[in-house]
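Trainee: whatever this is, show me its structure:
(one chain, ligands or ions: 1)
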Amino acid sequence: MRTSRVRIGGRTYPLHSLNTLVIGSGAAGLNAAVRLHEHGQADVAVVTSRLGAGASAESGSDKQTYYKLSLSGDRPDSAAEMARDLAAGGSAHGDIALAEAQGSLEAFFHLVALGVPFPHDRFGAYVGYKTDHDPRQRATSAGPLTSRMMFEKLLAECRRRRVRVFDGHEAIALLAGGRGVRRRVLGAVALDRAGLGSRERGFILFNAVNVIAATGGPGGLYEHSVYPESQTGSHGLLFEAGATAHNLTESQFGLASTKFRWNVSGAYQQAVPRYVSTDARGGDEREFLNDYFPDMGALATAVFLKGYQWPFDPRKARGGGSSLIDVLVHEETVVKGRRVFLDFRADPRGDGRLAPFAPALLGPEAFAYLERSGALMATPIARLRKMNPPAVALYRAHGIDLAREPLEIAVCAQHNNGGFRASVWWESNVRGLFPVGEVCGTHGVTRPGGSALNAGQVGGARAALFIARRRAGRPLSDAAFARAAGPLVRARRELAEAMLGREQAGSLDPAACLAEVRRRMSACGAVVRDAAAVRAGKDAARGLWLRARRGLRAASPRDLPRAFKSLDLALTHAVYLEAIAEYLDRGGKSRGSYLVPDPAGEPPHPRLGGRWAFSLAGPDDFVGRNILEVRLGGRGRPEKRWVPVRPVPPAEAWFETVWDDFRNDRIVAEEE
Ligand SMILES: Cc1cc2nc3c(=O)[nH]c(=O)nc-3n(C[C@H](O)[C@H](O)[C@H](O)COP(=O)(O)OP(=O)(O)OC[C@H]3O[C@@H](n4cnc5c(N)ncnc54)[C@H](O)[C@@H]3O)c2cc1C
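Mentor: Presented below is the predicted three-dimensional model:
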């Protein structure tokens, strides 16, 4: 990396010139940096808002899962089969799924070699278990903090390799130039938080041949979110650079605690806690599930199943399925304005109609599970302690004692299956820009649990290989960079000055902007998507973004990162709602992890009435055969396009031809 100073628009800025800039220090970004180094490309640096921020470092669940080819048991597995399973939910491109399946073992053992403690038996078998949307037992876990351990080991490896990390730096623009297929990345602008008070407002420029965007999922979009608060996402940067996104409609929602953000999956449900709702002030306590189940056995079994059917799934909402519980929690919290808690202190009490809970009332599968776990105790907290003591300790470490207080929950956004489109080498439509990790949308309508972490590792490894072989050039000279990127840098700086210069009266406060984004997304762009509300929301969202561009204010230089972030999220929510509206306009119905009210359908439960009626999308619907792509076109108008789903390609099984291509360097090749 070469460091200099460059003059643009009459101001001088620090400039770092290098081959590859990685933005984001989650498991995906750090892995990409390590992989580049391994491939001999050492001219790499990482820019991150904060080391330790992001979903990888700060979130997890009861048993956080990594999905890979099966490595144990006596049933053979194959990459082609795994690819078909990865794509089985629909709207996922088969070639990408095949690359993820094929790369899963290499990525997994890379983590094992770095010291992530994935368990194996005495013969060396990495024994698997079954996760959601997994027909096999391909899942493994290093415990509740799998992704945190990945982050730690990958960071240690970056340090060992002396990869430069710009900590406390917020990227506020990607620099790109050229049109159409000639569009290419030039670098990025970041704000150094330590330098915000300086004359240059902390502006730092990066002149890079490649940018790996590993900025994670759009957690900052939602009021009800289980993404850690540090994980807001930066999709707006990529939209503004001209990158094409797809499957933005496909996010995952599920039950999570809100005081401390954590998924209440697995043992938290298998312990069969009491679900209660109260009014806003904590009075009028009710076991609100009682009204919707024929008996306590059905109720408790649905709660138990929620443990491993964690994401909301409209196919499991009718007939007393486990996703009816998400609907009922949403009804209590969002529709009725009440609060919902999991109470581990006592068993569900039932009412005059429903008997009090007893393990013997559970369905046979659930009963056998508790019995085999030695967990047929008298209270949910005792059962939870028996099945998963760290699950209790985790809340205690965050100031919540499940033995003493109920745990407040909501239906929260957890993950975006969609994101930016990439080639099989994880390059976006902008040359040199590689989205990896959650910001890259490789999953379809559903995905096996654990495949997000695998996708991030495989994507970074493949991007690194491609960069090392095909994008190994040197960055532009300072003068050429200033010519190419100067107007964009100047515009960003002028925007910063304009935001700082705005009076309070008549301008938009970043906090108010963010609150509006989150309210709108949780009201119409989350787990329930009413067509009329989405259409109105889409227009209001665009209005907010335009208003934010003209009128956001930064109270002081310290406020600049927050102001840029709210602008980014205002744009992001406008594009997301545009995509959701387009999906509904094309006749899209309930699927994945969201419900689209449809008067012609049926409600999840007769007591819920017609307002909740919905129909399921079918695999042959137009929206199932095609994938919705969105990019920001001229004058900031989203441009939409539906493209057919690419199937899983047949295996290239003839050794001699592959070897010939390999020896002649035709494998790691430009996409046509
Ligand atoms: C509660 C929860 C449980 C989950 N459980 C599982 C599971 O069991 N299995 C599974 O496969 N997946 C799971 N996921 C999803 C998975 O954890 C994430 O998809 C994955 O960790 C994302 O990794 P990443 O590296 O792409 O992004 P992150 O780890 O989120 O990192 C993003 C990084 O980008 C930085 N950043 C963002 N914008 C900027 C900017 N403008 N400038 C500088 N830096 C920036 C952030 O600070 C952060 O360092 C779970 C997610 C949650 C929230």
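
Trainee: ok, and the closest non-adjacent residue to the residue of the stretch 301-450 of the chain found nearest the ligand?
Mentor: Nearest residue of the stretch 301-450 of the chain to the ligand: Gly437, at 2.2 Å (CB to the nearest ligand atom). Using the backbone N, CA and C atoms, a C-beta is placed for each residue, glycine as well. Spatially, and ignoring its direct neighbours in sequence, Gly437 is nearest to Ala28 (2.6 Å; CB to CB, 6 or more residues apart in numbering).

Trainee: which helix or strand contains that neighbour?
Mentor: helix 27-38 (DSSP states H and E).

Trainee: quick one: contacts of the helix or strand following that helix?
Mentor: Using DSSP H and E, the helix or strand that follows helix 27-38 towards the C-terminus is strand 44-47. With CB atoms under 8 Å, 6 or more residues apart in numbering as the test, strand 44-47 has contacts from 1, 16, 18-25, 29-30, 33, 36-37, 158, 163-166, 169, 171, 188, 190, 206.

Trainee: what of stretch 69-87?
Mentor: 92-94, 97-98, 100-102, 104-105, 121, 125-128, 133-138, 443-444, 447-448, 451, 645, 647-648, 651.

Trainee: ok, and which of these reach the ligand?
Mentor: Applying CB under 6 Å from any ligand atom, the subset of the contacts of stretch 69-87 adjacent to the ligand comprises Ser451.

Trainee: can you say which of the contacts of stretch 69-87 are buried?
Mentor: 92-94, 97-98, 100-102, 104-105, 126, 128, 133-134, 136-138, 443-444, 447-448, 451, 648 (16 or more other CB atoms under 10 Å).

Trainee: how many other residues sit next to Asp665?
Mentor: Look at Asp665: counted by other CB atoms under 10 Å, it has 10 neighbours.

Trainee: now it: how far from Ala463?
Mentor: Here the distance between Asp665 and Ala463 works out to 18 Å (CB to CB, to the nearest Å).

Trainee: same question, Leu453
Mentor: Leu453 is 16 Å from Ala463, by CB to CB.

Trainee: let me see the backbone angles for the residue in the stretch 251-400 of the chain that the ligand sits nearest to.
Mentor: Nearest residue of the stretch 251-400 of the chain to the ligand: Asn263, at 4.6 Å (CB to the nearest ligand atom). Note on Asn263: backbone dihedrals following degrees, to the nearest 10 are phi -70, psi 130.

Trainee: and Gly610, what's its pLDDT?
Mentor: Note for Gly610: predicted pLDDT of 87.

Trainee: and the contacts of strand 44-47, which are buried?
Mentor: With burial judged by 16+ other CB under 10 Å, the buried subset of these is 1, 16, 18-25, 29-30, 33, 36-37, 158, 163, 165-166, 169, 171, 188, 190, 206.

Trainee: which of these fall within helices?
Mentor: 29-30, 33, 36-37, 158 (DSSP state H).

Trainee: which residues in the stretch 501-650 of the chain form helices?
Mentor: 510-524, 531-551, 560-585, 622-625 (DSSP state H, counting those that start in this stretch).

Trainee: closest to the ligand out of those helices?
Mentor: helix 560-585 (7.4 Å).

Trainee: that closest one and the ligand in contact?
Mentor: No. In terms of CB under 6 Å from any ligand atom, no part of helix 560-585 sits within range of the ligand; the closest distance is 7.4 Å.

Trainee: tell me which strands and helices that helix is in contact with?
Mentor: strand 169-177, strand 184-192, helix 235-240, helix 478-501, helix 510-524, helix 531-551, strand 626-632, strand 638-644 (3 or more CB pairs under 8 Å, 6 or more residues apart in numbering; DSSP states H and E).

Trainee: and the angle from that helix to strand 184-192?
Mentor: 130 degrees (axes from the mean of the first three to the mean of the last three CA atoms, to 10 degrees).

Trainee: quick one, helix 560-585 and helix 531-551 angle?
Mentor: Using the same axes, to 10 degrees: helix 560-585 against helix 531-551 is 150 degrees.

Trainee: quick one: buried residues of helix 560-585?
Mentor: For helix 560-585, using 16+ other CB under 10 Å, the buried residues are 560-584.

Trainee: one more: stretch 318-334?
Mentor: For stretch 318-334, burial by neighbour count (16+ other CB under 10 Å) applies to 318, 320-334.

Trainee: what of stretch 617-636?
Mentor: In stretch 617-636, counting by 16+ other CB under 10 Å, buried: 617, 621, 623-624, 627-632.

Trainee: and the end-to-end length of that stretch?
Mentor: Length of stretch 617-636, first residue to last, CA to CA, to the nearest Å: 31 Å.

Trainee: number the residues from 17 up from this point.
Mentor: All set: I'll call the first residue 17, so the last point we hit is now stretch 633-652.

Trainee: for this protein, give me the ranges with low pLDDT.
Mentor: Within the chain, not a single segment meets pLDDT under 70.

Trainee: can you give me the domain boundaries for it?
Mentor: Split into domains by automatic domain parsing, the chain comes to 18-266+433-498, 269-429, 519-652.

Trainee: tell me which of those sits most buried.
Mentor: domain 18-266+433-498 (a mean of 22; mean count of other CB atoms under 10 Å).

Trainee: can you pull out the strands in the stretch 117-266 of the chain?
Mentor: 155-157, 180-182, 185-193, 200-208, 219-229, 261-262 (DSSP state E, counting those that start in this stretch).

Trainee: need these in JSON lines with distance to Arg401, can you?
Mentor: Formatted as JSON lines, these follow (distance: least, CB to CB, whole Å):
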{"stretch": "strand 155-157", "distance to Arg401": "19"}
{"stretch": "strand 180-182", "distance to Arg401": "40"}
{"stretch": "strand 185-193", "distance to Arg401": "42"}
{"stretch": "strand 200-208", "distance to Arg401": "46"}
{"stretch": "strand 219-229", "distance to Arg401": "42"}
{"stretch": "strand 261-262", "distance to Arg401": "44"}
